[in-house]
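S.K.: A predicted structure for the sequence below; I have some questions about it.
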Amino acid sequence: MRRLLLMGITVIGMVTVVFFLLRAIPGDPATYMLGDYATEEAVAALKADLGLDRPVHEQYLTFVGRALTGDMGNSVVTGQPAFQEVLSSLPWSAALATSGIVIAVLVGVPLGVLSAVRQGTFADLFVMLGALVGISFPVFWVGLVCILLFAHEIRLFPALGASSSEDLLTQLHHLALPALVLGFSVAAYIARLTRSAMLEVLGQDFVRVARAMGISETRIVYWLALRNALIPVLAVIGVTFAWSLGSAILVEAVFSRPGLGSMILKAVFARDYQLVQAGVFVLAFAVVLVNTTLDIVYGLVDPRVSVT
Amino acid sequence: MKTRTNGRLALTRRSALFLSAATLLSVGLGLASPRADAATELRVRIGSDIGNLDPARIFGIENQTVAGHLYNGLVKYDQATNEVVPDLASEWSVSPDGKRWTFKLRDGVTWHKGYGPLTADDVKFSLERVLDPNTKSRYAGQLEGITSVEAADPLTVVVNLAAPNAGLLNKLTAFNQGWVVSRKAVTEIGDEKYAMNPVGTGPFVFDSWTAGSQAVIVANKDYFEGAPKVDSVVFRIIKDETAAAIALENAEIDIFFALQSPPVIDRLKKSDAVKVLSRPANHTINLVLNTTVGPLGDVRVRKAIAHGINREALIAGYFKGTKGTAYSVLTSSFPQYTESVPKYEYDPQKAKALLAEAGAEGFMLELVSVGLSPYDQLVVPMASDLEKIGLKTKITVLERGAYLQARGKGEIMTCITGVVGPPDPDSPLVTLYHTKSFPPGLNTSRYDQVDDLLAQASAELDEDKRTGIYRQVLSKTMEDVPVLPLYADQLFLAHTNKVKGLVQNSLFTVHVYSVSFSQ
C-alpha cells in the first residue's frame, strides 16, 4: 500500500515538474502552428483557444482535473488524443528495451562471471576490453557501422529496424539488429558490474569457508557467489530498462524505429504540451512500475531485503 | 527445504533464459525475410513525421508531399516546366479590369470516401475558410485582396478582387491554401480531427498513419486523369540519411526523398543500383542583415559583408558542389531569373576598404542560426571569413522554437532564412523585401525600398512587362543587399532502377502519380 502511494506521488511529481518546465522554455505551440506570418492577434486568439492565455497555475488545475478523468488532451499539431498517440509508440519502445535487456543479460552476466573467475587472464582482459569499447563507442555510431556491415556488406538483416508487417518473424527480423546494438552497449555495463560484484563476493569469508568445506568450485561460483552478486546487477538492469524505454532515441533514429523517446522529442520541438505531458506520464509510470517490481524481486533473491 | 526452493527458482529462471535465447537465436540466424510483394507498393523515404494534412494549416515538406497526392487545386504547376496548367478548373478568364476571375470546373470529379461530387461551392468554401480569421490559417495572407468568391453555378467559380492581381493564379495553384477541400467532409469530420483524416479529389486516398513510423495512401481508381500505376504508396520515416541510402541500395525503399547530405549524395551517385536526380530548387538560403541595428544600416557595411564571405568556397568545400551560386533570391527555376544584377565576388581587401570608409571596423556582428544542419555549421566558416576582414563575430545557435521567437521579435542582427515555396516570384520577393512582411513575417532586415515596384508588378497584366519589373526589383535589392543570398539550393532525389517515370519538381516535394515499376 505504501509502495503504491509512493509510486503515485513519483508519477504525479514528474508530470508536474514537466508541466511547469515546458511552459518556462521560450516558444509556444501557437507560434509553431501559425508560422512566420502569424499576426499577434492570430497568435493571441489561438493561445486563448488552447487556454494558454490563463495563469499557469490555473492551466495546471485544469490539466489535473482532466487527467483525473483520463483525458490528457489532444495533440495541438495532429488534433488526435495525446494519450492514444503515446500508447501507439509504447509497444515499439517496450519491444526494443525488453529485447535489448535480455540480450544484455544473456551476454553481460556470463562474460562478467567468466572474467571474474579468470581474473587477470587473457580472457578477462579480452572481455574487459570489449566492455570498454561497448561503453565508450557512441551507440549511434555502432548502429551505423552495424547497418553497413550486416545490412549492406553481409545482407543478414534489413537496414530499417522496424516493419509494419503483421508477420511476427518479419518483425523480429527487423528488430534483431537494433536490439543487438542496444544490448551490446548495455551488456558492457552489466559485464563490468557483474565482474566487480563477483570479485567482491568471491573474496568474502563464507566463500572461503565453502571452499574449505570442499564444495565444488562450480557450485560455489554459480550457486553462492553469483546469487549474491546478482543483487547490484538487478538494480542496474532496472535502471537501464527505464533508460532504454525513453532514451533509446539514438538507436531509434539510426534504425528508423518509432518510439516514446523520439515522440517526446518531436513533441518538445513543436511545443506540443499535451503530447509531452502524456508521454512523460507513460514513461514515468513505466519506470516506477519496473523499479517497484525489481524491489520486490530483490526480496525474493535476497532475504536481507524486506519489502514493505 | 530452503535449497529446494532455491533450486526451483534457479530452474525457472534458467528455463526462462533458455526460452528467450531460443527466440533470439531463431532471429539471429537471419531467417530470410519474406519481403512483401512490392510489385505495386511504392515505398518513399521521408525524413520526419507528418502531422497535419489540412491545407489551411499544413506546413513542412513531408506534410506537403503527402497532401500533394490527396488534393487538387483550381490550377497546378506542371511538375517539369513550372508552367501553370489546368487542374480542377479546365479553363478560366479574367475581366478586362483584372478584378473578376471566372473558373470553369471539370465535370464528374468526385471526393474520396463517398463525399459526393466536387462543386463550385466546395471551392468557395475552401477559399473562404482560409480567409476566415476563425480558421487561424497560416495562409490567409496569401489570399489577401480577394473580396468575395461566388459559386455562380455548380461548375463555375468567380473570384472577385479589390485590385487587379496578375499573380492570382500562383496563389490558387495546388499547394497549401490552393488545395481544395470538401465542405461536407470538413464540416462532418470537424476541424480538429480533419488534420489527420483528409478528404480530397487527388490520385491517392489517405489510408492510415502510424505515428513515428509511416503514412499510407492508396490509389484512387476513379481519379479523373486515370488511376495511378501503383496500388499504394508508403511514406516511411527514416531520419538518418546514411541508413536511408543503404535501405535504398537494398531495395527496402524505392524512392529517397529529401536527399541532402553531400557525402550520401556522393555515395549514391557511385552506386549502380540507384539513380540520383537533381534540380535547382525555388529557394536560396540567405543571410538576412537587420538594417535597423547599428552599422548594418550603412549599405557600405552590408556590401563589405557580401565581399567578405567566401560563398564560392562554401559551395565547393562544405557542400562539395551540391549547391548552386545565388546571384539574387530568385533561382534559375523562375522565368524571371536573371544574372544581370550587382555581384559581390570574394574580395577581403575591398571589404576592408568599405568597412574603413564606413568607419565601422571591428564592430561585433552576431550570426544567429537555428540549430539545424547545415545552417548551424555554415555560420562557422562565415564567421571565420568575417574575422579576416576585421569584424568581431559571435555565433548564436538557437533551438527551433527559440529561434522562431527571436526572429519574430525582429531584434536579432542577422538570421538565416530561406523562403521554400512555389515558383511564384512574389513568394520570396514580397516575403523578404516588402514592408508588409514584418511584423509578422520574414522581412527581418526591415527593408523598405521596393514596395512600389512590387505593387506595379502585381498590377501589370502583361507578362513581359511584369518580368521586367521583377528584374528591377532584383537589381535594386542586390544593390542595397539587405539580404545576402548565400547559395541557391539544389534538390536531390534518388530511386532504384525499378522505378520508372518519376519527375522531379522544384517545390521540395515529391509527386509519384506518374511512377510505375519496370519488371
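M.R.: Cool, got the structure. Numbers count the residues shown, from 1 in each chain, chains lettered A, B, ... in the order given.

S.K.: so where's the stretch 101-250 of chain A shaky on pLDDT?
M.R.: Regions of the stretch 101-250 of chain A meeting the criterion pLDDT under 70 cover residues A:247.

S.K.: in it, which spans are helices?
M.R.: Listed in chain order, the helices found in the stretch 101-250 of chain A under DSSP state H, counting those that start in this stretch are A:122-136, A:139-146, A:168-202, A:205-212, A:217-219, A:226-247, A:249-254.

S.K.: mind checking which of the ones you listed is nearest B:Gln504?
M.R.: Shortest separation from B:Gln504 across those is recorded for helix A:249-254, at 26.5 Å, computed as Cβ to Cβ. In this view, the C-beta of every residue, glycine as well, is placed from N, C-alpha and C.

S.K.: report the angle between the next helix or strand after that closest one and helix A:226-247.
M.R.: Elements were assigned by DSSP states H and E; along the chain past helix A:249-254, the next helix or strand is helix A:260-269. Using axes from the mean of the first three to the mean of the last three Cα atoms, to 10 degrees, the direction of helix A:260-269 lies 40 degrees away from that of helix A:226-247.

S.K.: and A:Val76, how far is that from A:Val276?
M.R.: 10 Å (Cβ to Cβ, to the nearest Å).

S.K.: for chain B, longest strand please?
M.R.: Counting residues, the longest strand found in chain B (DSSP state E) is strand B:274-289.

S.K.: you'd agree B:Gln504 is in a strand?
M.R.: No: remark: B:Gln504 does not belong to a strand; assigned using DSSP: H, G, I helix; E, B strand; the rest coil, it is coil.

S.K.: my read: it touches B:Leu277, true?
M.R.: Yes: distance between B:Gln504 and B:Leu277: 4.6 Å, which falls inside the contact criterion (Cβ atoms under 8 Å).

S.K.: which neighbours do these two have in common?
M.R.: Both B:Gln504 and B:Leu277 are in contact with B:Leu493, where contact means Cβ atoms under 8 Å, 6 or more residues apart in numbering or on different chains.

S.K.: before we move on, back to that, any chance of TSV for the helices of the stretch 101-250 of chain A, columns mean neighbour count and distance to B:Pro482?
M.R.: Written out in TSV, the entries for the helices of the stretch 101-250 of chain A read as follows (neighbours: other Cβ atoms under 10 Å in any protein chain shown; distance: least, Cβ to Cβ, whole Å):
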stretch	mean neighbour count	distance to B:Pro482
helix A:122-136	15	49
helix A:139-146	18	40
helix A:168-202	22	48
helix A:205-212	12	79
helix A:217-219	10	80
helix A:226-247	19	44
helix A:249-254	23	38
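
S.K.: possible to save the ones you listed as a markdown table with distance to chain B?
M.R.: Formatted as a markdown table, the entries for the helices of the stretch 101-250 of chain A read as follows, by distance: least, Cβ to the nearest Cβ, whole Å:
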| stretch | distance to chain B |
| --- | --- |
| helix A:122-136 | 18 |
| helix A:139-146 | 6 |
| helix A:168-202 | 5 |
| helix A:205-212 | 14 |
| helix A:217-219 | 11 |
| helix A:226-247 | 8 |
| helix A:249-254 | 5 |
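
S.K.: okay, those in TSV with distance to B:Arg446 next?
M.R.: Converted to TSV, the helices of the stretch 101-250 of chain A look like this (distance: least, Cβ to Cβ, whole Å):
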stretch	distance to B:Arg446
helix A:122-136	50
helix A:139-146	42
helix A:168-202	49
helix A:205-212	78
helix A:217-219	80
helix A:226-247	43
helix A:249-254	39
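
S.K.: who wins for proximity to B:Lys388 among those?
M.R.: Where the helices of the stretch 101-250 of chain A are weighed against each other on Cβ to Cβ, the nearest is helix A:139-146, at 34.3 Å.

S.K.: the closest one packs against which elements?
M.R.: Helices and strands in packing contact with helix A:139-146 are listed as helix A:168-202, helix A:249-254; criterion 3 or more Cβ pairs under 8 Å, 6 or more residues apart in numbering or on different chains; DSSP states H and E.

S.K.: that one relative to helix A:122-136, how many degrees between them?
M.R.: Calculated by the same axes, to 10 degrees, helix A:139-146 forms an angle of 110 degrees with helix A:122-136.

S.K.: for B:Tyr375, give me the pLDDT.
M.R.: Per-residue confidence (pLDDT) for B:Tyr375: 92.

S.K.: so what's residue 49 up against?
M.R.: Chain wasn't specified; assuming chain A. Contacts of A:Asp49 were listed using Cβ under 8 Å, 6+ apart, and they are B:Lys136.

S.K.: oops, wrong one, chain B.
M.R.: If a contact means Cβ under 8 Å, 6+ apart, then B:Asp49 has A:266, B:62, B:211-212, B:237 as its contacts.

S.K.: please, which helix or strand holds it?
M.R.: Assigned by DSSP H and E, B:Asp49 falls outside every helix and strand.

S.K.: what pLDDT does it get?
M.R.: Among the per-residue scores, B:Asp49 holds a pLDDT of 91.

S.K.: got it, and the one 5 residues further on?
M.R.: Confidence per residue is given as pLDDT, and for B:Asp54 that number is 96.

S.K.: coming back round to it: and the contacts of B:Asp49, which is closest to A:Val221?
M.R.: For A:Val221, the closest of the contacts of B:Asp49 turns out to be B:Gly212, at 44.5 Å, with distances computed as Cβ to Cβ.

S.K.: phi, psi of the closest one?
M.R.: Taking degrees, to the nearest 10, you get phi 80, psi -10 for the backbone angles of B:Gly212.

S.K.: list the residues that contact B:Gln79.
M.R.: Counting by Cβ under 8 Å, 6+ apart, B:Gln79 touches B:503-505, B:511, B:514.

S.K.: and of those, the nearest to chain A?
M.R.: Nearest to chain A among the contacts of B:Gln79: B:Asn505, at 21.8 Å, using Cβ to the nearest Cβ.

S.K.: measure the closest residue to the closest one other than its chain neighbours to B:Gln405 for me?
M.R.: Counting by Cβ to Cβ, 6 or more residues apart in numbering or on different chains, B:Gln79 is the residue found nearest to B:Asn505 once chain neighbours are left out, at 4.5 Å. Here B:Gln79 is placed at a distance of 36 Å from B:Gln405 (Cβ to Cβ).

S.K.: and B:Ala56, by the same measure?
M.R.: Between B:Ala56 and B:Gln405 the computed distance is 23 Å (Cβ to Cβ).

S.K.: compare those two and say which one has the larger neighbour count.
M.R.: Counted by other Cβ atoms under 10 Å in any protein chain shown, B:Ala56 and B:Gln405 do not tie: B:Ala56 has more neighbours, with 24 against 15.

S.K.: quick one: secondary structure of the more buried one?
M.R.: Taking three-state DSSP as the rule, one finds B:Ala56 in the coil state.

S.K.: who's in contact with it?
M.R.: Contacts for B:Ala56 were tallied using Cβ under 8 Å, 6+ apart; they are B:129-130, B:135, B:137-139, B:177.

S.K.: turn the residues you listed into a markdown table, including secondary structure and pLDDT.
M.R.: Supplementary listing: these in a markdown table, determined by DSSP: H, G, I helix; E, B strand; the rest coil; pLDDT from 0 to 100:
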| residue | secondary structure | pLDDT |
| --- | --- | --- |
| B:Arg129 | helix | 96 |
| B:Val130 | helix | 95 |
| B:Thr135 | helix | 88 |
| B:Ser137 | coil | 86 |
| B:Arg138 | coil | 82 |
| B:Tyr139 | coil | 88 |
| B:Gln177 | helix | 94 |
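
S.K.: secondary structure class of B:Ser208, three-state.
M.R.: When states are read from three-state DSSP, the local structure at B:Ser208 comes out as strand.

S.K.: give me the number of residues near it?
M.R.: Here the neighbour count serves as a burial measure; for B:Ser208 (other Cβ under 10 Å) it reads 12.

S.K.: dump the residue contacts of B:Val515.
M.R.: Contacts were defined as Cβ under 8 Å, 6+ apart; by that measure B:Val515 touches B:42, B:228-230, B:255, B:499-502.

S.K.: try 6 Å this time
M.R.: With contacts defined as Cβ atoms under 6 Å, 6 or more residues apart in numbering or on different chains, B:Val515 is in contact with B:499, B:501-502.

S.K.: no more questions from me, cheers.
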